[in-house]
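Trainee: Here is my input, please return the structure:
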Amino acid sequence: MLRTAAPAVALMLALCGACSAEPTASSAPPAPVAVPLSRQLHAILQTPVAIGRQYVSPPTRTAVQGGRAAIAYGSDLVVVWDLATRREVIRLRPEGEVEVLELSRDGTKLAASGGMKRATLWDVGSGRRITRLPTSGKGLFFNRAGDRLLLVDPSATSLYDLSARRRTIFDASSLPQAEGYNFLGFASDDRTVVALADAYWVRWAAPAAPEAIDVDFSAVLGGLSGDGAQMVAWSWVNSTTKLGVIMDVGAKRQIASWLVPDQPAAGPSFSHDGKRVFMVTDQYTGDQPTSTLLEGLTRPDMRRAWSMSLPYEEAAAAVLGIADGFITVRTPHEILVIRDDGTVELPRGRDRSHLPFVGKWRVHGLSMTIGPDLRGTQVWNAGPCPAGNGMCAGHAELIFRMDPQGLIGTVSTVVYKDEAGRVVAGHPEPRQGDSFVLERVDTGVLRKRSPTGEGNPHLCGSGAQAKWRTECDI
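Mentor: Just a heads-up that it's a prediction; the model follows:
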């Protein structure tokens with residue numbers, strides 16, 4: 001019995017060994033954990049990008065579609081990234097400051113417009129410029145098929161057919177008003193353009209004339225669902241009552257509404273899957289706005305799922321960008337990446353690199369040096385010395401720290417010296433403890449914001465273009 005049992009026991013032990021928690025040499029490696037695309041985008045936005053040895057402007061615009069992100073860096077560069085691998089697909093040089101950026105749904109076409117006073121259309125795969133269109137394009141919308149591009153301009157909104165290379169101008173002559181249209185994008189048929197216009201909304205299927213649909217309220221801010229079947233909008237019933245409303249675009253009827261107590265600051269938007277609505281409102285204390293509130297509302301009861309308060313910036317409302325599973329929120333200081341459930345990809349301000357601020361910066365009569373250890377110095381012409389010993393210069397030691405606003409500098413020590421290098425007294429400013437904020441506005445250019453706001457705010461580094469050197473008066 002023992003002789004016949006031994007082989008069976010050995011076999012059982014071998015089988016149990018295959019089930020052991022301990023890895024064996026023949027075990028397959030574990031599958032890599034997929035990193036959320038929102039986290040990948042956040043990491044890209046936090047990473048300084050360079051052309052040669054010069055860092056370009058920080059990210060100023062972004063568009064996310066088809067697993068790709070197009071990011072504009074001021075007027076220096078547009079980079080299209082593959083989010084899953086966090087690798088560059090292509091680099092493109094814009095023809096001026098990029099104010100509007102849009103990717104087609106499959107990520108193969110890119111449109112940009114802004115300071116160049118025209119829109120440019122590129123093929124992402126080859127980097128080939130498909131065409132330039134004679135409009136500034138204050139809004140750009142691809143249809144889902146990527147064969148039509150809507151270019152929104154206050155004076156000449158047009159629809160460009162990429163296949164036929166034909167442009168059709170929006171004609172409002174058959175409509176109740178000649179201007180004031182807020183275009184939202186394409187309806188579910190992928191051909192009809194939708195716009196809001198105060199007491200009515202518009203459907204336009206070029207080349208046919210646009211159609212006006214009356215509503216019982218005033219609405220100019222809104223957005224379309226990803227499939228173009230529904231529209232969400234702010235509505236003003238009267239001077240004191242504001243509603244959020246959802247319309248069925250095809251049936252031309254309202255299907256939901258809810259009370260909005262705050263002051264609208266930007267157009268509401270649907271999440272990519274249509275299950276949530278994102279709203280942006282300004283918060284007031286008396287007559288003064290104090291902060292901007294971003295909310296995620298869950299359909300169908302429009303219950304607030306999460307909210308986030310942002311610093312209020314005059315004439316600089318937050319701008320939302322919708323992606324699959326997350327949104328981007330552009331503020332004057334940074335681009336936030338927020339998941340649909342309200343989770344921010346890393347706390348604001350963390351991992352923001354200070355490297356683009358490192359170096360020597362000048363404006364007429366002043367020079368500032370910032371080191372990689374976030375310490376620096378500032379020397380400036382302080383005018384005649386109080387005791388009449390020629391001209392004086394101020395010398396300050398600075399300590400910096402990163403912040404969502406930019407780089408905050410604080411004066412740790414300050415002295416004034418005469419032409420012989422002797423320390424003198426009598427100059428009241430700046431003082432120990434005074435602070436200021438440095439913002440990057442272009443390659444090699446900083447803007448200084450201080451409580452007094454006096455003097456030329458710009459500082460130029462070695463990479464500043466000639467126009468900025470003139471601005472810095474150096």
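Trainee: Give me the pLDDT value at residue 14.
Mentor: In this model, residue 14 is scored at 39, pLDDT.
Trainee: hmm, I was thinking of residue 25
Mentor: pLDDT for residue 25: 43.
Trainee: Over to the one 3 residues further on?
Mentor: pLDDT recorded at residue 28 is 52.
Trainee: which residues of the protein fall in helices?
Mentor: Ranges of helices in the chain, per DSSP state H, are 2-18, 37-46, 466-472.
Trainee: tell me which residues in the last one are buried?
Mentor: So the one you mean is helix 466-472. By 16 or more other CB atoms under 10 Å, the buried positions in helix 466-472 come out as 468, 471-472. All C-beta spots, glycine's among them, are computed from the backbone N, C-alpha and C.
Trainee: Which elements pack onto that helix?
Mentor: If you count contacts as 3 or more CB pairs under 8 Å, 6 or more residues apart in numbering; DSSP states H and E, helix 466-472 packs onto strand 445-449, strand 458-460.
Trainee: rerun that using 7 Å as the cut-off
Mentor: Counting by 3 or more CB pairs under 7 Å, 6 or more residues apart in numbering; DSSP states H and E, the packing neighbours recorded for helix 466-472 are strand 458-460.
Trainee: thought residue 209 was touching residue 174?
Mentor: Yes - with contact defined as CB atoms under 7 Å, residue 209 reaches residue 174; the gap is 4.7 Å.
Trainee: for the stretch 351-474 of the chain, what spans make up the strands?
Mentor: Assigned strands in the stretch 351-474 of the chain, in chain order: 359-363, 366-370, 375-384, 391-403, 406-417, 423-424, 435-442, 445-449, 458-460 (criterion: DSSP state E, counting those that start in this stretch).
Trainee: Now distance to residue 179 too, for those strands, in CSV please.
Mentor: Below are these laid out as CSV (distance: least, CB to CB, whole Å):
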stretch, distance to residue 179
strand 359-363, 42
strand 366-370, 46
strand 375-384, 49
strand 391-403, 41
strand 406-417, 37
strand 423-424, 62
strand 435-442, 32
strand 445-449, 34
strand 458-460, 36
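Trainee: Now distance to residue 111, mean pLDDT and mean neighbour count too, for those strands, in JSON lines please.
Mentor: As requested, the strands of the stretch 351-474 of the chain are exported to JSON lines (distance: least, CB to CB, whole Å; pLDDT from 0 to 100; neighbours: other CB atoms under 10 Å):
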{"stretch": "strand 359-363", "distance to residue 111": "34", "mean pLDDT": "95", "mean neighbour count": "19"}
{"stretch": "strand 366-370", "distance to residue 111": "37", "mean pLDDT": "96", "mean neighbour count": "19"}
{"stretch": "strand 375-384", "distance to residue 111": "41", "mean pLDDT": "93", "mean neighbour count": "16"}
{"stretch": "strand 391-403", "distance to residue 111": "33", "mean pLDDT": "92", "mean neighbour count": "17"}
{"stretch": "strand 406-417", "distance to residue 111": "30", "mean pLDDT": "92", "mean neighbour count": "18"}
{"stretch": "strand 423-424", "distance to residue 111": "59", "mean pLDDT": "89", "mean neighbour count": "13"}
{"stretch": "strand 435-442", "distance to residue 111": "23", "mean pLDDT": "86", "mean neighbour count": "19"}
{"stretch": "strand 445-449", "distance to residue 111": "27", "mean pLDDT": "89", "mean neighbour count": "19"}
{"stretch": "strand 458-460", "distance to residue 111": "31", "mean pLDDT": "94", "mean neighbour count": "23"}
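Trainee: Nearest to the spatial middle of the chain, which residue is it?
Mentor: residue 330 (3.3 Å; CA atoms, centre = their mean).
Trainee: follow-up on the earlier one: more neighbours: residue 209 and residue 174, which one.
Mentor: Comparing residue 209 with residue 174 by other CB atoms under 10 Å, the one with more neighbours is residue 209, at 13 against 9.
Trainee: Who are the contact partners of that one?
Mentor: Residues counted as contacts of residue 209 (CB atoms under 7 Å, 6 or more residues apart in numbering) are 171, 174.
Trainee: any idea of the pLDDT on it?
Mentor: At residue 209, pLDDT is 95.
Trainee: Check residue 43 too.
Mentor: We have a pLDDT of 88 for residue 43.
Trainee: and it, how many neighbours?
Mentor: Counted with other CB under 10 Å, the neighbours of residue 43 add up to 16.
Trainee: just checking, it touches residue 87?
Mentor: No - with contact defined as CB under 7 Å, residue 43 does not count as touching residue 87 (11.9 Å).
Trainee: sorry, back to before: can you say which of the strands of the stretch 351-474 of the chain is nearest to residue 162?
Mentor: Nearest to residue 162 among the strands of the stretch 351-474 of the chain is strand 435-442; the distance by CB to CB comes to 32.1 Å.
Trainee: how far off strand 359-363 does the closest one point, in degrees?
Mentor: In terms of direction (axes from the mean of the first three to the mean of the last three CA atoms, to 10 degrees), strand 435-442 departs from strand 359-363 by 90 degrees.
Trainee: Tell me how far strand 435-442 lies from the chain's centre.
Mentor: Centre-to-centre, strand 435-442 and its host chain are 18 Å apart (CA atoms, centre = their mean, to the nearest Å).
Trainee: which residues touch that strand?
Mentor: 57-58, 74-75, 356-357, 405-410, 446-450, 468.
Trainee: Return the list of strands paired to it, each annotated with direction.
Mentor: According to DSSP bridges, strand 435-442 forms sheet pairs with strand 406-417 (antiparallel), strand 445-449 (antiparallel).
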